[in-house]
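A.B. asks: Could you look at this predicted model? Sequence included:
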Amino acid sequence: MKLSRSTLETRAFVLNWASLEQLHSSVSARMPKVSVSAKCSDKLTRDFASLQELKDFGNPSRATILELNITGRDSESDQRFSLSLSNERRFNVRISLDANEENAIPLSDLATDCVDSLRPWYSWVARADWYWLVLVGWLGTQLAVIIIALALAGDKVITFSASGPTTAEDVLSFIAIGFAPLAAGFVLNYVRDRYFPIGTFAIGQGELRHTSSEVTRTVLIAGFAVSIVTSLALSWFS
C-alpha cells in the first residue's frame with residue numbers, strides 16, 4: 001500500500017546546520033537519493049551535490065537563502081519525499097511525500113517532528129499580524145467604553161452635541177487619534193518583519209546574522225515588557 005501527503009503550513013522556524021545534518025541523515029536512511037536546493041536573494045536557484053557543497057557556499061548576504069528544499073527518492077524513483085522551508089509570510093512550510101507504508105509513516109512523522117523542533121522562542125511574534133491585532137484591539141476598547149458608559153447612564157437621557165471640532169487643533173487631534181492604531185500596526189509589522197522573521201536559515205554566514213538579530217530581539221522584547229510593567233505600576237499607584 002502506498003501513502004501520500006501534501007500539506008502547506010505557516011510556521012516560524014530557525015534552521016541551523018546541526019538540524020539540517022540530522023534531517024539529511026534521517027531522510028538518507030530511507031531514501032538513498034537525497035538532494036538539496038536553495039532559492040537565493042540574488043534570484044538564482046542553487047542545486048547542491050552534497051551538504052559539503054552547501055557548507056562551502058556559505059549563505060552570504062549577497063545571496064541569502066530564501067527557500068531550502070530537501071528532496072529524497074528511492075533507488076527506483078517511485079517513492080519520493082520533500083520538505084520545503086521558506087521565509088514567505090504564509091504557507092512557508094511544504095511537506096510532500098508519496099511512498100509505501102514502511103517509509104511514508106516514519107517520513108511523515110520525521111517532517112512533523114523536524115518542523116516542530118525548529119520553532120524559535122519568538123514564534124508567536126513572528127506569526128502575528130500586528131496591524132489587525134492593534135486595530136481590532138482599539139475598536140474593541142472603544143466599543144467597551146461606549147457599552148460601559150451606556151450601562152452606567154441607565155435610564156438617563158443621553159444627548160449628543162451637534163457641533164463638531166471648531167479649531168484646526170481639534171481637527172488634527174481627531175485625525176491623529178483615528179490614524180494612530182493604523183500607524184502603530186504598520187510600525188509593529190515592520191519591526192516584526194525586520195527583527196522577527198518567520199523563516200531563518202542560520203547556516204554559514206546566516207548564523208552570524210541570526211546571532212546578531214537575537215541580541216536585538218531580546219532587547220526589544222525586554223524593553224516592551226518593562227514599558228508595560230512600568231505603565232501598569234504608574235496607573236496602579238497614581
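C.D. replies: The structure has been received and is ready for your questions.
A.B. asks: All the helices of the protein, residue numbers only.
C.D. replies: For the chain, the helices defined by DSSP state H cover 17-28, 51-57, 101-117, 123-127, 130-153, 168-195, 205-237.
A.B. asks: Save these as TSV, and put in distance to residue 83, mean neighbour count and mean pLDDT too.
C.D. replies: Placement of C-beta: from N, CA and C, glycine included. Compiled in TSV, the helices of the chain are given as follows (distance: least, C-beta to C-beta, whole Å; neighbours: other C-beta atoms under 10 Å; pLDDT from 0 to 100):
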stretch	distance to residue 83	mean neighbour count	mean pLDDT
helix 17-28	7	16	96
helix 51-57	15	14	95
helix 101-117	5	16	95
helix 123-127	18	17	91
helix 130-153	29	12	78
helix 168-195	24	13	77
helix 205-237	18	12	76
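A.B. asks: Compare those and give me the one nearest residue 6.
C.D. replies: Nearest to residue 6 among those is helix 101-117 (11.0 Å), distances taken as C-beta to C-beta.
A.B. asks: Output that closest one as PDB, nothing but the C-alphas.
C.D. replies: Extracted in PDB, the C-alpha atoms of helix 101-117 (Å, rounded to 0.1, in the frame of the first residue of the first chain):
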ATOM      1  CA  GLU A 101       3.600   2.400   4.200                       C
ATOM      2  CA  GLU A 102       7.000   1.300   5.500                       C
ATOM      3  CA  ASN A 103       8.600   4.600   4.600                       C
ATOM      4  CA  ALA A 104       5.600   7.000   4.400                       C
ATOM      5  CA  ILE A 105       4.600   6.900   8.100                       C
ATOM      6  CA  PRO A 106       8.200   7.400   9.500                       C
ATOM      7  CA  LEU A 107       9.000  10.200   7.000                       C
ATOM      8  CA  SER A 108       5.700  12.000   7.700                       C
ATOM      9  CA  ASP A 109       6.500  11.800  11.500                       C
ATOM     10  CA  LEU A 110      10.000  12.900  10.700                       C
ATOM     11  CA  ALA A 111       8.900  16.000   8.800                       C
ATOM     12  CA  THR A 112       6.400  17.000  11.500                       C
ATOM     13  CA  ASP A 113       8.900  16.500  14.400                       C
ATOM     14  CA  CYS A 114      11.600  18.400  12.500                       C
ATOM     15  CA  VAL A 115       9.400  21.400  11.900                       C
ATOM     16  CA  ASP A 116       8.300  21.400  15.500                       C
ATOM     17  CA  SER A 117      11.900  21.300  16.700                       C
END
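A.B. asks: now that helix, how far from the chain's geometric center?
C.D. replies: Centre-to-centre, helix 101-117 and its host chain are 22 Å apart (C-alpha atoms, centre = their mean, to the nearest Å).
A.B. asks: ok now do the most centrally placed residue in the chain, which residues does it touch?
C.D. replies: Geometric centre of the chain, nearest residue: residue 198, 2.7 Å, by C-alpha atoms, centre = their mean. Contacts for residue 198 (C-beta atoms under 8 Å, 6 or more residues apart in numbering) come out as 10-13, 87-89, 92, 126-127.
A.B. asks: between those, which is closest to residue 209?
C.D. replies: Once C-beta to C-beta is applied, the member of these that ends up nearest residue 209 is residue 87, at 12.4 Å.
A.B. asks: In contact with the closest residue in space to the closest one that isn't next to it in sequence, which residues?
C.D. replies: Once flanking residues are discounted, residue 87 sits nearest to residue 199: 3.4 Å by C-beta to C-beta, 6 or more residues apart in numbering. Residues in contact with residue 199 (C-beta under 8 Å, 6+ apart) are 12-13, 15, 85-88, 92.
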